[in-house]
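Asker: let's see this in three dimensions:
(2 chains)
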Amino acid sequence: MNYHKFETVIVGAGGAGLMAALYASRGAQTAVISKLYPTRSHTGAAQGGIGAALGNMEEDHPEWHAFDTVKGSDYLADQDAVELMTAMAPEIVFELEHMGLPFDRTPEGKIAQRRFGGHTNNRTGKPVMRACHAADRTGHMILQTLYQQCIKNNVTFFDEFQVMDLLINEVEGRVVGVVAYEIATGELHVFHAKSVLFATGGWGRVWEVTSNAATLTGDGAAIAFRRGIPLEDMEFFQFHPTGIYKLGILITEGVRGEGGVLINNEGERFMNRYAPTVKDLASRDVVSRAIYLEIRAGRGINGQNYVYLDVRPETVNKYFAEDGVQGPDGKPKQVTAEYLLKKLPDIIDFCKTYLGIDPMQEPMPVQPTAHYAMGGIPTNIYGEVVIDEQNTVLPGFYAAGETACVSVHGANRLGTNSLLDIVVFGKLAGQRMAEFARANDWAPLPQETWEPTQAMLDRIRNSRGKERAARLREELRRLMMDNVGVFRTEALLNDALTKIRELKERYQHIAIDDKGKTFNQDLIEAWEVANLLDIAEVTTVSALARRESRGAHYREDYPQRDDEQWLKHTLAYRQPDGCIQLRYKPVVITKWQPKERVY
Amino acid sequence: MADVFQATVRIFRYNPEVDTKPHWKEYTVEVEPTDRVVDVLHKIKWYQDGTLAFRRSCLHGICGSDAMVINGRNALACKVLMKTLGPKVVIEPLRGFRVIKDLVVDMEPFFAKYRSILPYLINYDPPPARERRQSPTERARFDDTTKCILCAACTTSCPSFWANPHYIGPAAIVQAHRFIFDSRDQAWAERLRILADRDGVWRCRSVFNCVEACPREINIKKAIAEVQQAIITGSRDL
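Answerer: Residues are numbered from 1 along each chain as shown, chains lettered A, B, ... in the order given. Predicted structure coming up:
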C-alpha cells in the first residue's frame, strides 16, 4: 500500500482547487490530487468572463452585482455569501491580473469588460459591462495562470489519480484523508491529511446534451454523499441556453453580450416578449425556458428542436440601433466582423469545425445544454463543509467551486459568477484549511482505509454480469434529459425515479472488458457511472419534493414560486439503508426581501 | 441520419502487462459524417472493446487531452470529423514519448520542458492597488501564444524533436514567447538565456510541421522566429 502524509490535501485541479492550493501551500504542506492533468480541467472551457464591478467601462458597484446575483438566484442564494463574493470580486480580479492573467484591455490599458446575462445597472435596469474577459477563453487563461503560479510555488501534484473515498475518523468526528486510485498503475494510495478540500467540479454528464467534459461525473459529491454528508439544493441544475445543436458545446453568453440575438423560425427576436427590458441578456433559466417554449409552439427552426443565435454584424447593428445602444462616444454602437473575430475567436472556430458554418455569415443553431450545478456539498463562506440545518461544521472537510454549495447561486447562477466563485471561495477555503492544519494535531486514520475501495473495485472487475456500464449511462442520460430537464412534472419525476432505481439494480450486474491494472479507464468509467446514478437519484428526489418553480427548477404542475413554503435550501441525506431523507434549512437574507423577478 | 458509413479503424495497441510488443487492431464502426474521431473511439471502447485506452476530456478542442496521430497527422481526436477522413482511419499515439498503454503516452518529459522555461509572470515591482496597465497593442503582442493548450501536437510532430529528445520543442518555446513578449514581465532575458541553450530554439530547422499540427492555429514558426531574433538582438522590442 502506498501511504502519503500531507497536512492539506486538495482534490481537483481546476480553478477552485488550484486557487486553494496556492493559498494552502503558503501555510501548510499541500498536495493536489487530480483525475486529469491540471491543465485539462474544465475551468479551461469557460469562455465569456469573470464578473466584477470594476467600473472600467461605465458606472458599476459591488452592491449592484450582489443584487443581480440574488435576483438571478431567484432569491435562494445566501445573501451574506453573495455580498462577500461580490465585494471581493474587484480585488481578486486584480490579483489574477497581477499573477499575469492576460485580460483584454481598454484603450487606457485597463481590464476590458462586457455585458452578460442578468448583470444590470440597478438604476436603469439595463445591461451593464461587468464581465472581465480574455477574448472568449477567460477560463482557459484563469486555469493556465493559476497552474503557472502553482509551478512557481512548487505545489506538489498527483496527476491522473482518481480519488474514490473520503476517510473519516468517526471517534474524533474529523475528516482525515482520502483514498486514491493511480490511473497509470492501478495502485491504491492512502493520503493522510489534517484537512481535505473537494474541488471536484460538476456533473453535467448526468444529462444527454451537456457542455460538460466527459470526466464531469460528480465524483466528489457522490463520494461525500455516500459517506453520509448531505447534498444541498440538488434540484437546481442550470441549462445554458446556447449549446451547439446536438453536440451541447457551449456558445458563450458573451455572444449575446457583444450584441448577438436569439431568433425563431419566423425570424423574430423572441426574447423581446419574454424579457422586455434586457431581452437576450435575461438570466439563463429565463432564456432556456423561452427557447423551449418557442420550440413547443412550433417556432423552432424548420420545426426542429433548435433556434438561431445570430451574431452577424449586420444583425447586431440592426438591433443595437433598435435598442438605442450607444458606444463610449455617445453615437449609436456599431460592430464589425473584425472586432467580433477578436472578441469571439474560439466560438467562431467551434462553429467552423463542428458545423461547417461561419457565424459572421450565418446564424448558429443552438439548444439549451446541461451546464452547471448550483447545488452540491454544503459549505459556509470559509469553504468549511456544514452538515445540518444549524450549519454544524464537519472539521477537516472543505469544498469549493462547482461541487460546493455556499450558496451564492441559489436556484440559478448568473453568467461570469462561476469563475468568480472558484477564485473567491478557493482562496478562502485554502486559507482556512491551512489555518486548521496549523492549529490542530494529526488525528489517526480509521481502522479501514483502502480496503472498502479495493473491495468495490474487485467487485466491478470480477463481476460476470451482462450489462455494459456505457449502455446504462446512455439510458440514464436520455432519461434525465427527457424527465428531469428544463420542464418537470410530478409524473415525469416519478417515472424518472422508478427508472433510475431500475438502472441502479442493473448496475449490480455490469461487467467490464479490461481486467488489467495499467490505465484501466474501463474500470474508472464503470465507477463513474455509479456516481452518475447516485447524483441522478438525489437530483430527482429533491426535485420531486419541491412543489414550486424557482430559478432552474421549473415545475409545470406548480408554475409559481412559493416563498411561504419553499424559501429554503434542500438537504438530502443518504440513510444507511440507501433511502434518501430530505431536510431543509433557511435562506440567509440580509438586504433583499424576495420580490417578483422580471427582466 | 443520412450518409452513415462503415469505417475501418486501425488502432495501435500496446498493453505492457500482456504484450511484448505493440500490434495493430482493426475495428469496423458505423459512423456519421459529423462524428468526431473521439466519438468513434468511444463507440469502440463503449460497445466493442473496453480495453482500448486513450485520454480525452472536454471533447471540443480546449483541454488538450486527446492529441494523437490520425492518418499520419497530429491532431486532437475531438477536432477531426470523420467526413474529412473517409472510411479508412489509422490511429497511433503521439511520437517520441513512452507509450503507457495504447494511445496513452507519458507526458511528464513534455511538462518538465514546459516547467523549465519559467512559465509564469515575473514582475519584481510591488503590484499596484488596481490592474497593471497594458495597452491593447502591448496585449496583442503575445495574444497568439496565449492560446496554447499544451496538447503536445506540435512538439511531437517535429523532426528535430524526434532526432533529439532533449530539444525543448515548439510547445515550450510558444509558452516562453507568451511571457517574453508580455510587457508586464521582467524575466524575459532569463528566459532568452534558457532558450539560447544548445537544446533550445536553435534546434528548430523550420520544417513547419508544428504550424500544421497546432489545433489552436497558433503561428508557432513566427513565435520561434521572434524568440530567435530576440536572442540575437538581446532585445524584445523587435
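Asker: use CA for all of it now, contacts and neighbours both
Answerer: Fine.
Asker: mind listing the strands for chain B?
Answerer: Taking DSSP state E as the test, the strands found in chain B are B:5-13, B:23-31, B:67-70, B:73-76, B:88-92, B:99-101, B:104-105.
Asker: mind putting the ones you listed into JSON lines with distance to residue A:489 and mean neighbour count?
Answerer: Shown next, in JSON lines, are these (distance: least, CA to CA, whole Å; neighbours: other CA atoms under 10 Å in any protein chain shown):
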{"stretch": "strand B:5-13", "distance to residue A:489": "40", "mean neighbour count": "18"}
{"stretch": "strand B:23-31", "distance to residue A:489": "36", "mean neighbour count": "14"}
{"stretch": "strand B:67-70", "distance to residue A:489": "43", "mean neighbour count": "24"}
{"stretch": "strand B:73-76", "distance to residue A:489": "41", "mean neighbour count": "25"}
{"stretch": "strand B:88-92", "distance to residue A:489": "46", "mean neighbour count": "19"}
{"stretch": "strand B:99-101", "distance to residue A:489": "47", "mean neighbour count": "21"}
{"stretch": "strand B:104-105", "distance to residue A:489": "45", "mean neighbour count": "22"}
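Asker: chain A is nearest to which of the ones you listed?
Answerer: In terms of CA to the nearest CA, the element of the strands of chain B nearest to chain A is strand B:99-101, at 6.7 Å.
Asker: now do that closest one: distance to the chain's middle.
Answerer: Put simply, strand B:99-101 sits 18 Å off its chain's centre (CA atoms, centre = their mean, to the nearest Å).
Asker: do that strand and chain A meet?
Answerer: Yes. Using CA under 8 Å from any CA of the partner chain, strand B:99-101 reaches chain A at B:100, B:101.
Asker: what lines up beside that strand in the sheet?
Answerer: Applying DSSP bridges to the sheet, strand B:99-101 is found paired with strand B:104-105 (antiparallel).
Asker: and the strands of chain B as JSON lines, adding mean pLDDT?
Answerer: Below are the strands of chain B laid out as JSON lines (pLDDT from 0 to 100):
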{"stretch": "strand B:5-13", "mean pLDDT": "98"}
{"stretch": "strand B:23-31", "mean pLDDT": "98"}
{"stretch": "strand B:67-70", "mean pLDDT": "98"}
{"stretch": "strand B:73-76", "mean pLDDT": "98"}
{"stretch": "strand B:88-92", "mean pLDDT": "98"}
{"stretch": "strand B:99-101", "mean pLDDT": "98"}
{"stretch": "strand B:104-105", "mean pLDDT": "98"}
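Asker: put together TSV for the ones you listed, with distance to residue A:498 on each row.
Answerer: Below are the strands of chain B laid out as TSV (distance: least, CA to CA, whole Å):
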stretch	distance to residue A:498
strand B:5-13	37
strand B:23-31	33
strand B:67-70	41
strand B:73-76	40
strand B:88-92	42
strand B:99-101	40
strand B:104-105	39
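Asker: excluding covalently adjacent residues, which one is nearest to the residue of chain B most remote from its centre?
Answerer: Of all residues in chain B, residue B:129 has its C-alpha farthest from the mean position, at 36.7 Å, by CA atoms, centre = their mean. Distances taken as CA to CA, 6 or more residues apart in numbering or on different chains put residue A:94 closest to residue B:129, at 7.8 Å, once the chain neighbours are dropped.
Asker: can you tell me the residue of the stretch 151-300 of chain A closest to chain B?
Answerer: Closest point on the stretch 151-300 of chain A to chain B, by CA to the nearest CA, is residue A:213, at 4.0 Å.
Asker: from residue A:540, how far off is that residue?
Answerer: Residue A:213 sits 22 Å away from residue A:540, taking CA to CA, to the nearest Å as the criterion.
Asker: swap in residue B:22?
Answerer: In terms of CA to CA, residue B:22 sits 46 Å off from residue A:540.
Asker: hmm, residue A:505 and residue A:472 touching each other?
Answerer: No. Contact criterion CA atoms under 8 Å: residue A:472 and residue A:505 do not qualify, at 10.5 Å.
Asker: the residue positioned nearest the centre of chain B: what's it in contact with?
Answerer: Centroid-nearest residue in chain B: residue B:152, 2.5 Å away (criterion: CA atoms, centre = their mean). By CA atoms under 8 Å, 6 or more residues apart in numbering or on different chains, residue B:152 lies in contact with B:67, B:110, B:171.
Asker: phi, psi of it?
Answerer: Torsion angles at residue B:152 (phi, psi; degrees, to the nearest 10) stand at phi 80, psi 10.
Asker: and the pLDDT at it?
Answerer: pLDDT for residue B:152: 98.
Asker: any idea how far residue B:93 is from it?
Answerer: Distance from residue B:152 to residue B:93, by CA to CA: 11 Å.
Asker: residue A:472 and residue A:505: which has the busier surroundings?
Answerer: Between residue A:472 and residue A:505, residue A:472 has the larger neighbour count (other CA atoms under 10 Å in any protein chain shown), namely 20 against 11.
Asker: quick one: residues contacting the residue lying closest to the more buried one once chain neighbours are set aside.
Answerer: Leaving out its chain neighbours, the residue that sits closest to residue A:472 by CA to CA, 6+ apart is residue A:503, at 6.5 Å. Counting by CA under 8 Å, 6+ apart, residue A:503 makes contact with A:472, A:476, A:533.
Asker: in which helix or strand does residue A:503 reside?
Answerer: helix A:490-507 (DSSP states H and E).
Asker: buried residues in the very next helix or strand once past that helix?
Answerer: Proceeding N to C from helix A:490-507, the next assigned helix or strand is helix A:521-545, under DSSP H and E. By neighbour count on 16 or more other CA atoms under 10 Å in any protein chain shown, the buried set for helix A:521-545 is A:521-544.
Asker: what's helix A:521-545 packed up against?
Answerer: Judged by 3 or more CA pairs under 8 Å, 6 or more residues apart in numbering or on different chains; DSSP states H and E, the packing partners of helix A:521-545 are helix A:219-226, helix A:451-462, helix A:469-483, helix A:490-507, strand A:568-574, strand A:580-586.
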